[in-house]
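S.K.: sequence and predicted structure, then a few things I'm wondering about:
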Amino acid sequence: EHHQWKKRRLSQATSSQGIREGATQGCHLRRHFSNNKILVELDEASGVAIMKLKNPPVNSLSLELLTEFSITIEKLEVDRSCRGVIFLTSAAPKIFSAGLDITEMSVQELWLLLNGSNMVTIAAINGSSPAGGCLMAMCCDFRIMADNPKYTIGLNETQLGIVAPFWLKDTITNILGHRLTEQSLQLGQMYTSALKIGLVDQLVPEDKVQSTAAYFLTDEKMHEDCNTSVVLRTLMFKALRKNSRVLCAFLREECNSVPRILSNLHKIININIYYRISL
Ligand SMILES: CC/C=C\C/C=C\C/C=C\C=C\CC(=O)SCCNC(=O)CCNC(=O)[C@H](O)C(C)(C)COP(=O)(O)OP(=O)(O)OC[C@H]1O[C@@H](n2cnc3c(N)ncnc32)[C@H](O)[C@@H]1OP(=O)(O)O
(Lines give C-alpha, C1' and ligand atoms only; values in the text may rest on other atoms or scores of the structure.)
Protein backbone atom coordinates (compact mmCIF):
# COMPACT_ATOMS: atom_id res chain seq x y z
CA GLU A 1 0.00 0.00 0.00
CA HIS A 2 2.86 2.30 0.79
CA HIS A 3 4.28 1.51 -2.62
CA GLN A 4 0.97 2.54 -4.21
CA TRP A 5 1.02 5.74 -2.21
CA LYS A 6 4.56 6.44 -3.37
CA LYS A 7 3.59 5.79 -6.98
CA ARG A 8 0.64 8.13 -6.70
CA ARG A 9 2.85 10.84 -5.18
CA LEU A 10 5.46 10.35 -7.89
CA SER A 11 2.97 10.71 -10.69
CA GLN A 12 1.73 13.90 -9.03
CA ALA A 13 5.30 15.07 -8.66
CA THR A 14 6.09 14.56 -12.31
CA SER A 15 2.81 15.98 -13.57
CA SER A 16 2.33 19.71 -13.89
CA GLN A 17 0.22 19.68 -10.69
CA GLY A 18 0.79 23.17 -9.42
CA ILE A 19 4.57 23.03 -9.75
CA ARG A 20 6.19 25.93 -11.50
CA GLU A 21 9.70 25.55 -12.79
CA GLY A 22 12.29 27.97 -14.05
CA ALA A 23 15.99 28.19 -14.59
CA THR A 24 18.50 30.99 -14.30
CA GLN A 25 21.89 30.96 -15.91
CA GLY A 26 24.59 32.52 -13.73
CA CYS A 27 28.07 31.01 -13.69
CA HIS A 28 26.13 27.76 -13.46
CA LEU A 29 22.59 26.58 -13.71
CA ARG A 30 20.15 27.13 -10.86
CA ARG A 31 16.77 25.61 -11.19
CA HIS A 32 13.74 26.81 -9.27
CA PHE A 33 10.62 24.84 -8.52
CA SER A 34 7.77 26.20 -6.57
CA ASN A 35 4.27 25.39 -5.60
CA ASN A 36 2.05 27.27 -3.20
CA LYS A 37 3.88 26.46 0.01
CA ILE A 38 7.40 25.31 -0.91
CA LEU A 39 10.14 27.05 -2.84
CA VAL A 40 13.11 25.06 -4.10
CA GLU A 41 16.34 26.30 -5.54
CA LEU A 42 18.62 23.63 -6.94
CA ASP A 43 22.20 24.50 -7.75
CA GLU A 44 23.23 21.96 -10.35
CA ALA A 45 26.96 22.55 -9.93
CA SER A 46 27.06 21.66 -6.24
CA GLY A 47 23.94 19.47 -6.17
CA VAL A 48 22.69 21.54 -3.22
CA ALA A 49 18.96 22.03 -3.02
CA ILE A 50 17.48 24.66 -0.73
CA MET A 51 13.93 23.90 0.23
CA LYS A 52 12.04 26.82 1.79
CA LEU A 53 8.73 26.55 3.59
CA LYS A 54 6.36 29.41 2.89
CA ASN A 55 3.13 29.22 4.83
CA PRO A 56 2.48 32.60 6.45
CA PRO A 57 2.11 33.79 9.10
CA VAL A 58 3.89 31.08 11.14
CA ASN A 59 4.77 28.28 8.69
CA SER A 60 2.39 25.85 10.32
CA LEU A 61 2.47 22.35 8.89
CA SER A 62 -0.90 22.30 7.20
CA LEU A 63 -2.11 19.41 5.10
CA GLU A 64 -1.48 21.44 1.95
CA LEU A 65 2.09 22.19 3.01
CA LEU A 66 2.74 18.57 3.99
CA THR A 67 1.39 17.31 0.66
CA GLU A 68 3.61 19.70 -1.24
CA PHE A 69 6.50 18.70 1.06
CA SER A 70 6.08 15.05 0.01
CA ILE A 71 5.85 15.91 -3.66
CA THR A 72 8.95 18.10 -3.46
CA ILE A 73 11.10 15.55 -1.60
CA GLU A 74 10.14 12.84 -4.07
CA LYS A 75 10.83 15.12 -7.01
CA LEU A 76 14.32 15.84 -5.60
CA GLU A 77 14.94 12.16 -4.85
CA VAL A 78 14.53 11.28 -8.53
CA ASP A 79 16.39 14.35 -9.79
CA ARG A 80 19.83 13.20 -10.86
CA SER A 81 21.38 16.63 -10.51
CA CYS A 82 20.50 16.71 -6.80
CA ARG A 83 23.44 14.91 -5.28
CA GLY A 84 21.56 13.86 -2.21
CA VAL A 85 21.95 17.21 -0.53
CA ILE A 86 19.10 19.34 0.62
CA PHE A 87 18.40 21.77 3.37
CA LEU A 88 15.29 22.92 4.89
CA THR A 89 14.63 26.47 5.99
CA SER A 90 11.84 28.97 6.36
CA ALA A 91 10.94 31.69 3.92
CA ALA A 92 9.43 33.64 6.83
CA PRO A 93 11.60 35.63 9.22
CA LYS A 94 11.76 34.64 12.91
CA ILE A 95 9.77 31.41 12.67
CA PHE A 96 11.14 28.13 11.37
CA SER A 97 7.78 26.40 11.83
CA ALA A 98 4.99 26.67 14.42
CA GLY A 99 4.44 22.92 14.15
CA LEU A 100 1.31 21.22 13.03
CA ASP A 101 -1.55 23.36 11.95
CA ILE A 102 -3.70 22.82 14.97
CA THR A 103 -6.78 22.22 12.86
CA GLU A 104 -5.21 19.48 10.73
CA MET A 105 -2.66 16.76 11.05
CA SER A 106 -0.56 14.32 9.05
CA VAL A 107 2.98 14.20 10.31
CA GLN A 108 3.94 10.54 10.10
CA GLU A 109 4.52 10.82 6.36
CA LEU A 110 6.96 13.67 6.90
CA TRP A 111 8.86 11.50 9.41
CA LEU A 112 8.96 8.62 6.93
CA LEU A 113 10.07 10.80 4.05
CA LEU A 114 12.92 12.47 5.88
CA ASN A 115 14.09 9.40 7.77
CA GLY A 116 13.80 7.18 4.72
CA SER A 117 15.46 9.63 2.36
CA ASN A 118 18.85 8.87 0.83
CA MET A 119 19.55 12.57 0.58
CA VAL A 120 21.60 14.35 3.20
CA THR A 121 19.24 16.69 4.99
CA ILE A 122 20.08 19.79 6.98
CA ALA A 123 17.64 21.90 8.95
CA ALA A 124 18.54 25.57 8.68
CA ILE A 125 16.48 26.72 11.66
CA ASN A 126 16.02 30.43 11.20
CA GLY A 127 13.45 30.99 13.93
CA SER A 128 11.25 29.46 16.59
CA SER A 129 10.54 25.81 16.21
CA PRO A 130 8.00 24.26 18.59
CA ALA A 131 6.48 20.76 18.44
CA GLY A 132 6.08 19.61 14.81
CA GLY A 133 8.67 22.23 13.77
CA CYS A 134 11.14 20.62 16.15
CA LEU A 135 10.16 17.18 14.86
CA MET A 136 10.87 18.26 11.29
CA ALA A 137 14.29 19.58 12.33
CA MET A 138 15.04 16.42 14.32
CA CYS A 139 14.30 14.28 11.26
CA CYS A 140 17.17 16.01 9.44
CA ASP A 141 20.74 14.75 9.69
CA PHE A 142 22.14 18.04 11.04
CA ARG A 143 20.58 21.08 12.68
CA ILE A 144 22.01 24.58 12.34
CA MET A 145 20.12 27.24 14.26
CA ALA A 146 20.10 31.04 14.43
CA ASP A 147 21.84 32.28 17.56
CA ASN A 148 19.03 34.42 18.93
CA PRO A 149 17.80 33.96 22.52
CA LYS A 150 14.28 34.86 21.36
CA TYR A 151 14.09 31.66 19.33
CA THR A 152 13.15 28.50 21.14
CA ILE A 153 12.98 24.90 20.02
CA GLY A 154 11.54 21.80 21.64
CA LEU A 155 8.65 19.41 21.95
CA ASN A 156 5.98 21.30 23.88
CA GLU A 157 3.30 18.66 23.23
CA THR A 158 2.76 18.00 26.94
CA GLN A 159 1.88 21.65 27.47
CA LEU A 160 -0.72 21.24 24.75
CA GLY A 161 -2.15 18.06 26.23
CA ILE A 162 -0.78 15.89 23.42
CA VAL A 163 0.87 12.59 24.31
CA ALA A 164 4.00 12.08 22.25
CA PRO A 165 3.81 8.78 20.36
CA PHE A 166 6.71 6.37 20.85
CA TRP A 167 8.31 7.08 17.47
CA LEU A 168 8.53 10.77 18.37
CA LYS A 169 10.07 9.82 21.71
CA ASP A 170 12.55 7.54 19.91
CA THR A 171 13.49 10.35 17.55
CA ILE A 172 14.39 12.75 20.35
CA THR A 173 16.03 9.98 22.41
CA ASN A 174 18.46 9.37 19.51
CA ILE A 175 19.53 12.97 19.86
CA LEU A 176 19.32 13.78 23.58
CA GLY A 177 19.65 10.43 25.28
CA HIS A 178 17.19 8.76 27.58
CA ARG A 179 17.10 10.89 30.74
CA LEU A 180 17.04 14.24 29.04
CA THR A 181 14.27 13.00 26.75
CA GLU A 182 12.18 12.04 29.75
CA GLN A 183 12.62 15.48 31.28
CA SER A 184 12.02 17.21 28.00
CA LEU A 185 8.78 15.35 27.27
CA GLN A 186 7.48 15.43 30.84
CA LEU A 187 7.80 19.19 30.98
CA GLY A 188 7.04 19.91 27.35
CA GLN A 189 10.19 21.97 27.49
CA MET A 190 11.13 24.64 24.96
CA TYR A 191 14.89 25.33 24.94
CA THR A 192 16.79 28.55 24.39
CA SER A 193 20.11 26.77 24.87
CA ALA A 194 19.54 23.91 22.47
CA LEU A 195 23.23 23.66 21.57
CA LYS A 196 24.23 22.89 25.16
CA ILE A 197 22.01 19.83 25.28
CA GLY A 198 22.82 18.75 21.72
CA LEU A 199 19.37 19.36 20.28
CA VAL A 200 21.05 21.46 17.59
CA ASP A 201 24.54 20.89 16.21
CA GLN A 202 25.59 24.48 15.64
CA LEU A 203 24.47 28.01 16.50
CA VAL A 204 25.37 30.74 14.03
CA PRO A 205 24.44 34.41 13.52
CA GLU A 206 20.98 34.75 12.09
CA ASP A 207 22.13 35.94 8.67
CA LYS A 208 24.56 33.03 8.35
CA VAL A 209 22.20 30.10 8.88
CA GLN A 210 21.67 29.30 5.24
CA SER A 211 25.23 29.92 4.10
CA THR A 212 26.60 27.77 6.96
CA ALA A 213 24.32 24.94 5.92
CA ALA A 214 25.56 25.21 2.34
CA TYR A 215 29.19 25.45 3.48
CA PHE A 216 28.73 22.50 5.75
CA LEU A 217 27.52 20.42 2.84
CA THR A 218 29.94 21.44 0.17
CA ASP A 219 33.24 22.23 1.86
CA GLU A 220 35.06 19.01 2.50
CA LYS A 221 37.94 20.79 4.27
CA MET A 222 35.67 21.55 7.16
CA HIS A 223 35.70 17.85 7.93
CA GLU A 224 39.34 17.07 7.23
CA ASP A 225 39.91 16.27 10.90
CA CYS A 226 38.11 12.98 10.39
CA ASN A 227 39.16 12.58 6.78
CA THR A 228 35.70 11.48 5.75
CA SER A 229 33.28 13.59 3.77
CA VAL A 230 30.10 14.78 5.36
CA VAL A 231 28.12 12.97 2.68
CA LEU A 232 29.76 9.62 3.40
CA ARG A 233 29.39 10.08 7.13
CA THR A 234 25.74 10.90 6.73
CA LEU A 235 25.06 7.91 4.53
CA MET A 236 26.61 5.69 7.22
CA PHE A 237 24.52 7.41 9.86
CA LYS A 238 21.38 6.80 7.82
CA ALA A 239 22.29 3.17 7.30
CA LEU A 240 22.64 2.75 11.06
CA ARG A 241 19.32 4.41 11.70
CA LYS A 242 17.57 2.29 9.12
CA ASN A 243 17.92 -0.59 11.54
CA SER A 244 14.58 0.56 12.82
CA ARG A 245 12.67 -1.03 9.95
CA VAL A 246 10.04 -2.33 12.32
CA LEU A 247 9.30 1.23 13.32
CA CYS A 248 8.98 2.25 9.68
CA ALA A 249 6.54 -0.57 9.05
CA PHE A 250 4.50 0.52 12.06
CA LEU A 251 4.37 4.10 10.85
CA ARG A 252 3.34 3.08 7.34
CA GLU A 253 0.51 1.11 8.84
CA GLU A 254 -0.43 4.09 10.95
CA CYS A 255 -0.42 6.48 7.99
CA ASN A 256 -3.09 4.29 6.45
CA SER A 257 -5.23 3.95 9.51
CA VAL A 258 -5.14 7.32 11.27
CA PRO A 259 -7.61 9.85 9.88
CA ARG A 260 -5.45 12.31 7.98
CA ILE A 261 -7.52 15.42 8.22
CA LEU A 262 -8.62 16.66 11.58
CA SER A 263 -10.97 19.53 11.24
CA ASN A 264 -11.41 20.48 14.90
CA LEU A 265 -9.94 20.12 18.35
CA HIS A 266 -12.44 17.44 19.25
CA LYS A 267 -10.82 15.18 16.70
CA ILE A 268 -7.38 15.98 18.06
CA ILE A 269 -8.54 14.60 21.40
CA ASN A 270 -9.70 11.43 19.63
CA ILE A 271 -6.35 11.07 17.98
CA ASN A 272 -4.68 11.33 21.34
CA ILE A 273 -6.84 8.54 22.65
CA TYR A 274 -5.83 6.52 19.61
CA TYR A 275 -2.17 7.05 20.43
CA ARG A 276 -2.63 6.06 24.04
CA ILE A 277 -4.31 2.83 23.01
CA SER A 278 -1.67 2.02 20.43
CA LEU A 279 1.28 2.55 22.80
C1 LIG B 1 -2.47 16.65 16.84
C2 LIG B 1 -1.32 15.75 17.12
C3 LIG B 1 -1.77 14.39 17.44
C4 LIG B 1 -0.95 13.39 17.75
C5 LIG B 1 0.51 13.48 17.86
C6 LIG B 1 1.13 13.07 16.61
C7 LIG B 1 2.38 13.24 16.34
C8 LIG B 1 3.37 13.88 17.22
C9 LIG B 1 4.37 14.65 16.43
C10 LIG B 1 4.30 15.95 16.34
C11 LIG B 1 3.27 16.70 17.02
C12 LIG B 1 3.18 17.97 16.82
C13 LIG B 1 2.08 18.70 17.47
C14 LIG B 1 2.10 20.15 17.04
O15 LIG B 1 2.94 20.60 16.31
S16 LIG B 1 0.82 21.06 17.65
C17 LIG B 1 1.32 22.72 17.30
C18 LIG B 1 2.26 23.22 18.35
N19 LIG B 1 2.60 24.57 18.07
C20 LIG B 1 2.64 25.47 19.01
O21 LIG B 1 2.43 25.26 20.19
C22 LIG B 1 2.93 26.86 18.47
C23 LIG B 1 2.49 27.89 19.42
N24 LIG B 1 2.73 29.15 18.78
C25 LIG B 1 3.77 29.93 19.13
O26 LIG B 1 4.59 29.59 19.96
C27 LIG B 1 3.84 31.23 18.42
O28 LIG B 1 2.65 31.42 17.66
C29 LIG B 1 5.06 31.35 17.45
C30 LIG B 1 6.38 31.41 18.26
C31 LIG B 1 5.13 30.22 16.43
C32 LIG B 1 4.92 32.68 16.66
O33 LIG B 1 4.77 33.74 17.59
P34 LIG B 1 4.36 35.20 17.05
O35 LIG B 1 4.25 36.08 18.25
O36 LIG B 1 5.28 35.63 15.97
O37 LIG B 1 2.94 35.00 16.34
P38 LIG B 1 1.51 34.74 17.04
O39 LIG B 1 0.78 36.06 17.14
O40 LIG B 1 1.63 33.93 18.25
O41 LIG B 1 0.79 33.84 15.89
C42 LIG B 1 0.40 34.39 14.63
C43 LIG B 1 -0.82 33.64 14.13
O44 LIG B 1 -0.45 32.26 13.86
C45 LIG B 1 -1.37 31.39 14.54
N46 LIG B 1 -0.68 30.14 14.89
C47 LIG B 1 0.35 29.96 15.74
N48 LIG B 1 0.71 28.67 15.79
C49 LIG B 1 -0.12 28.01 14.95
C50 LIG B 1 -0.26 26.65 14.58
N51 LIG B 1 0.53 25.68 15.07
N52 LIG B 1 -1.21 26.32 13.70
C53 LIG B 1 -2.05 27.25 13.16
N54 LIG B 1 -1.95 28.57 13.47
C55 LIG B 1 -1.02 28.95 14.35
C56 LIG B 1 -1.77 32.19 15.77
O57 LIG B 1 -2.95 31.69 16.30
C58 LIG B 1 -1.93 33.58 15.17
O59 LIG B 1 -3.15 33.64 14.47
P60 LIG B 1 -4.04 34.98 14.49
O61 LIG B 1 -3.17 36.05 13.92
O62 LIG B 1 -4.39 35.22 15.93
O63 LIG B 1 -5.22 34.63 13.63
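M.R.: Now that the structure is in, tell me what you want to look at.

S.K.: pretty sure Ser97 is touching Ala124, no?
M.R.: No. When contacts are counted by Cβ atoms under 8 Å, Ser97 is not listed as touching Ala124 (11.8 Å). Every residue, glycine included, has its C-beta placed from N, CA and C.

S.K.: ends of stretch 38-53, what's the gap?
M.R.: From its first residue to its last, stretch 38-53 covers 5 Å (Cα to Cα, to the nearest Å).

S.K.: now the helices: where do they sit in this protein?
M.R.: 2-14, 63-77, 108-116, 132-138, 166-176, 178-187, 194-197, 209-218, 230-241, 245-257, 265-278 (DSSP state H).

S.K.: and these, which one's lowest on average pLDDT?
M.R.: Looking at the helices of the chain, the lowest mean pLDDT belongs to helix 265-278 (a mean of 39).

S.K.: how about the residues of this protein near the ligand?
M.R.: Selection of the chain residues close to the ligand by Cβ under 6 Å from any ligand atom yields 57-58, 60, 95, 98-102, 105, 107, 128, 130-132, 135, 156-157, 160, 162, 164-165, 168, 268, 271, 275.

S.K.: might you report the residue contacts of the residue in the chain that the ligand sits nearest to?
M.R.: Nearest to the ligand, among the residues of the chain, is Gly99, at 2.5 Å (Cβ to the nearest ligand atom). Going by Cβ atoms under 8 Å, 6 or more residues apart in numbering, Gly99 touches Ser60, Leu61, Pro130, Ala131, Gly132, Gly133, Cys134, Leu135.

S.K.: what of Cys139?
M.R.: Leu110, Trp111, Leu114, Asn115, Thr121, Thr171.

S.K.: mind redoing it with 6 Å?
M.R.: Trp111, Leu114, Asn115 (Cβ atoms under 6 Å, 6 or more residues apart in numbering).

S.K.: can you tell me the closest non-neighbouring residue to it?
M.R.: Leu114 (3.7 Å; Cβ to Cβ, 6 or more residues apart in numbering).

S.K.: quick one: which of the residues of the chain next to the ligand sit in strands?
M.R.: With DSSP state E as the criterion, strands contain Ile95, Ser128, Pro130 from among those.

S.K.: who does the second one bridge with?
M.R.: With beta bridges defined as DSSP bridges, Ser128 has these partners: Ile95.

S.K.: surely it touches Tyr151?
M.R.: Yes. Counting by Cβ atoms under 6 Å, Tyr151 is a contact partner of Ser128 at 5.0 Å.
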